[in-house]
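>>> Have a look at this prediction, sequence included:
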Amino acid sequence: MVSVATIRRTSASPLAIGVLLFTASCGGGDGSTPTPTPTNRAPVFTSATTASVIENSTGTAYTPAATDADNDTVTITISGGADAAAFTMTGGTLAFASPPNFDRPTDMNTDNSYDVTLAATDGKGGTAALNLSIKISNDHEGVNLTRVASGFGTDAVIAPRTRTSGLLIVSQDGTVRTVEAVTGAIGNAGNVFSSGETGRVLAVTYSNGYGVAMLDIAGRGVIVRSVLLPDSPQQYTVEQTLAAPSTSSPRGAFFVGGDGFVFAALGDPAGDLAQEAGSGYGKFFRIQVDPYCGASLFTYCVGAERFGDGVHAPAGGGGFQGLSFLLDRGTDQQEEISYFNQNARPIDFGWPYREGTYERVANPPPAIIGPSLTYSHGDGFFAGKGLTGGALYTGSIASLANKVLVTDEGGKIFAFPASFLSDGVLHRANEMENRTADFAPTTGAIGRPIAVIRDYAGRLFILDGDGELYGAS
C-alpha cells in the first residue's frame with residue numbers, strides 16, 4: 001500500500017496552515033480488515049411468569065432465573081408492578097414483605113393475585129423484564145365444616161340452649177325442633193303458632209328453661225311467645241306484645257347481652273316509626289322469662305322492657321367485656337356493628353337519620369351510639385348484601401378465637417377481632433377477614449348463611465338459608 005502526502009497552502013494568511021492529506025491506494029495483498037466491536041446481547045428470563053403460594057407462608061415465594069448469551073453476570077431486581085411494595089428481593093429470591101393472608105388480601109385488586117415486575121440487567125446496558133403474578137391459595141386454618149342436619153326449610157331461625165347441649169330451630173311454618181349438637185338427632189317439639197294463626201317467625205332464643213319466639217302474626221302484630229320444650233317447667237305458653245300490626249315485614253333478632261340478659265331488637269324498614277315513642281318498631285327491648293311470676297311456683301311470665309330506639313333491620317348481637325353489641329343491616333349503603341353500654345340512657349342507634357356513618361338526611365341530630373365497624377353494600381371482597389347473623393367465638397379453633405363472626409346475605413362470612421368493638425376506633429371493611437373460603441363444607445354448600453351461633457359447649461354452627469345446618473370443628 002502506498003501513502004501519498006500532499007501539502008496544500010491557503011493564501012488567506014502568511015501563516016498559512018498546511019493540511020496534510022493522506023491518500024491511500026490499494027495495492028498488493030498485505031492489508032488487514034479491522035475486527036468489528038461485538039454487539040451486547042440482553043439477558044433472557046427462563047423462570048415462569050406465574051407462581052402459587054399458600055397463605056401465611058414465610059420465606060421464598062419465587063426464585064427468578066435468567067441467562068445471558070455473553071456469559072455476563074446477571075443481576076435481578078424488583079423494577080415495578082402494581083404490587084411491588086408487597087415484596088422484597090434478598091439473595092436472588094423473591095419473598096413477601098409480610099406473610100400473605102388469603103382472607104385479607106392487600107394486592108391492588110384484592111383478588112389474591114399479586115403482580116410484580118422483575119428486571120434482569122447484565123451491567124452493559126442489556127435488560128429484560130418479567131411480569132410475574134403470584135396467586136395466594138387458601139388454608140382453612142383449622143376450620144372443618146360438616147353438615148349436621150337438614151330439612152328445616154327456607155329462612156328457619158336458630159338458637160343454642162343455654163343450660164344444656166343442644167340447639168333449638170323453628171321453621172317458618174312454626175315447627176319447633178331440637179337438634180342434638182354432636183349426633184344431629186332431631187326431635188319435634190310442637191309449633192309456635194296457635195290454631196288459625198299465620199305469620200312469620202322472626203327469631204328464637206332460650207331462657208330459664210323455655211324457648212322464646214318472636215312472631216309477626218297477621219292481624220295481631222309482633223309478639224314474643226314462650227316455646228314449650230319437653231323439659232320446660234310449665235307446659236303452657238305466655239306472651240307479650242312488642243308492636244301493633246304492620247305490613248312492613250320487619251326483621252327481628254334476639255341475643256344475650258353483656259349483662260347476661262336476653263335482648264330483642266325489632267326493625268323498622270321504612271324508618272317512619274324508629275324514633276316514634278308510641279311504636280314498638282325500630283326499638284330495642286330487654287326480655288325476661290320470670291319462672292316465678294307472682295311469687296308462685298306454678299306460674300311464669302314473659303316481660304319486655306323497651307328502652308332503645310333507632311333500629312333498622314337487626315341481625316343479631318352479643319356481649320363482650322360486660323357491654324353489648326348489635327348488628328344492624330343497612331339498605332344500600334352500609335352494614336354496621338355497634339358496641340354500647342346496655343345500662344346507659346338514652347340508647348339510640350341512629351336510624352333513619354344514619355346508616356352506619358352515612359347520613360341519610362341533611363343535618364341529622366348528633367349520634368348517640370356510633371358504629372364500631374362498617375362495611376359497604378356491594379360485590380367487592382369486603383362488601384356484602386346485608387347482615388344476617390353474628391356471634392362472638394371463644395372456642396377451640398385458634399384462627400377464630402376471640403373474633404366476632406358475621407354472616408351476610410351475599411354468601412360471605414366475615415371475621416374481625418372482638419377488640420375492634422371496644423377500642424373506640426371506627427374500623428373499616430378492609431380490616432376484617434373474609435373467611436368464606438374457610439367455611440366451605442366437606443359436603444353440601446353454603447349459599448346464603450343466615451345465622452352463626454356458638455352452643456353451650458363452645459361448638460360453632462352455621463344455618464344456611466335453605467335449611468341446612470353445619471357444624472365446625
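It's in. Residues are numbered from 1 along each chain as shown.

>>> which strand is the longest one in the protein?
strand 127-137 (DSSP state E).

>>> That one pairs with which strands, and in what direction?
strand 50-54 (parallel), strand 113-121 (antiparallel) (DSSP bridges).

>>> Which other helices and strands does the helix or strand following it contact?
For strand 127-137, the following helix or strand on the C-terminal side (DSSP states H and E) is strand 145-149. Applying 3 or more CB pairs under 8 Å, 6 or more residues apart in numbering; DSSP states H and E, we find strand 145-149 packed against strand 469-472. (Glycine included, C-beta is placed from N, CA and C.)

>>> how about 10 Å then?
strand 167-170, strand 175-179, strand 460-464, strand 469-472 (3 or more CB pairs under 10 Å, 6 or more residues apart in numbering; DSSP states H and E).

>>> Pipe these into CSV and attach mean neighbour count per row.
Shown next, in CSV, are those (neighbours: other CB atoms under 10 Å):
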stretch, mean neighbour count
strand 167-170, 25
strand 175-179, 20
strand 460-464, 24
strand 469-472, 23
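
>>> Output those as CSV; include the columns distance to Ile446 and mean pLDDT.
Below are these laid out as CSV (distance: least, CB to CB, whole Å; pLDDT from 0 to 100):
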stretch, distance to Ile446, mean pLDDT
strand 167-170, 16, 98
strand 175-179, 17, 97
strand 460-464, 5, 98
strand 469-472, 7, 97
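
>>> Same list, these, but as JSON lines with distance to Ala429 please.
Shown next, in JSON lines, are the helices and strands packed on strand 145-149 (distance: least, CB to CB, whole Å):
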{"stretch": "strand 167-170", "distance to Ala429": "30"}
{"stretch": "strand 175-179", "distance to Ala429": "33"}
{"stretch": "strand 460-464", "distance to Ala429": "21"}
{"stretch": "strand 469-472", "distance to Ala429": "23"}
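
>>> can you tell which of these is closest to Leu266?
With respect to Leu266, and counting by CB to CB, the nearest of the helices and strands packed on strand 145-149 is strand 167-170 at 16.9 Å.

>>> Run through the residues that contact Ala313.
250-253, 265-269, 282, 327-331, 335, 351, 386-388 (CB atoms under 10 Å, 6 or more residues apart in numbering).

>>> residue boundaries of the strands in the stretch 1-150 of the chain?
2-8, 19-25, 44-45, 50-54, 60-62, 66-67, 75-80, 87-90, 93-96, 113-121, 127-137, 145-149 (DSSP state E, counting those that start in this stretch).

>>> and these as JSON lines, adding mean pLDDT, distance to Val179 and mean neighbour count?
Shown next, in JSON lines, are those (pLDDT from 0 to 100; distance: least, CB to CB, whole Å; neighbours: other CB atoms under 10 Å):
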{"stretch": "strand 2-8", "mean pLDDT": "36", "distance to Val179": "110", "mean neighbour count": "9"}
{"stretch": "strand 19-25", "mean pLDDT": "36", "distance to Val179": "105", "mean neighbour count": "9"}
{"stretch": "strand 44-45", "mean pLDDT": "98", "distance to Val179": "58", "mean neighbour count": "18"}
{"stretch": "strand 50-54", "mean pLDDT": "98", "distance to Val179": "35", "mean neighbour count": "14"}
{"stretch": "strand 60-62", "mean pLDDT": "98", "distance to Val179": "44", "mean neighbour count": "19"}
{"stretch": "strand 66-67", "mean pLDDT": "98", "distance to Val179": "60", "mean neighbour count": "16"}
{"stretch": "strand 75-80", "mean pLDDT": "98", "distance to Val179": "54", "mean neighbour count": "15"}
{"stretch": "strand 87-90", "mean pLDDT": "97", "distance to Val179": "48", "mean neighbour count": "14"}
{"stretch": "strand 93-96", "mean pLDDT": "98", "distance to Val179": "43", "mean neighbour count": "19"}
{"stretch": "strand 113-121", "mean pLDDT": "98", "distance to Val179": "41", "mean neighbour count": "21"}
{"stretch": "strand 127-137", "mean pLDDT": "98", "distance to Val179": "34", "mean neighbour count": "17"}
{"stretch": "strand 145-149", "mean pLDDT": "97", "distance to Val179": "6", "mean neighbour count": "19"}
